[in-house]
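[1] Prediction below, plus the sequence it came from.
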Amino acid sequence: MLEFKHLALINEAERRGDANLDQLRLCFQLLALSGAIDRDCAARLAPHGLSEGRFVVLFLLHGAGGMLPPHELAERAGVTRATISGLLDGLQRDGLLQRRSDAEDGRRLQIVLTARGKRLADELFDQHTQWIGGLFNGLDFSEQAQLSLLLEKVWRHTDAGQETGT
């Protein structure tokens, strides 16, 4: 399950007599799982011409009734305005959305899903959530709750977790 680079680090830590071998192994297992999920996600979206970022934009638009301004999309997706512009360009080229002038203020843009974009967002969102849910089918409810608590405990020891105070 572990990647070669992580095995090399574990071997070096073992050679040096590091006392944190078990914790290193756990961290690298978590990273390997995260990487595998990312790769699987990319492989599932690729046949539809989507990256994870483009998929996020589609479902954000769909969830907002099919229309949002670019700056709000960027904020909700957690990306820069430059990044959202690139994502929107690709989705527009593929006929999944349109840029329209705001009816109230013609200087502002609204991003609108096309009928094709709505269908794809509907279809993929259901498929994607079922796939993600299936990743945890081997765990019963109490194991899922325990895993969630344990991951939250580890999160609190990361720099990001300490910054947010969660």
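    Thanks, I have it. Numbers count the residues shown, from 1 in each chain.
[2] use CA for all of it now, contacts and neighbours both
    OK.
[3] Mind naming the longest helix for the chain?
    If each helix of the chain is counted by residues according to DSSP state H, the longest one is helix 21-45.
[4] Return the distance of stretch 152-165 from the chain's centre.
    19 Å (Cα atoms, centre = their mean, to the nearest Å).
[5] Kindly report the same for stretch 124-133.
    Taking Cα atoms, centre = their mean, one finds the center of stretch 124-133 at 13 Å from the center of the full chain.
[6] Using CSV, list the CA coordinates for that stretch.
    The C-alpha trace of stretch 124-133 is given here as CSV (Å, rounded to 0.1, in the frame of the first residue of the first chain):
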residue,chain,number,x,y,z
LEU,A,124,-22.1,12.8,-12.1
PHE,A,125,-23.0,14.1,-8.7
ASP,A,126,-25.1,11.1,-8.0
GLN,A,127,-22.4,8.7,-9.3
HIS,A,128,-19.7,10.5,-7.4
THR,A,129,-21.4,10.5,-4.1
GLN,A,130,-22.3,6.8,-4.4
TRP,A,131,-18.7,6.0,-5.2
ILE,A,132,-17.4,8.0,-2.3
GLY,A,133,-19.9,6.4,0.0
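[7] which outside residues touch that stretch?
    Residues outside stretch 124-133 that contact it (Cα atoms under 8 Å, 6 or more residues apart in numbering): F59.
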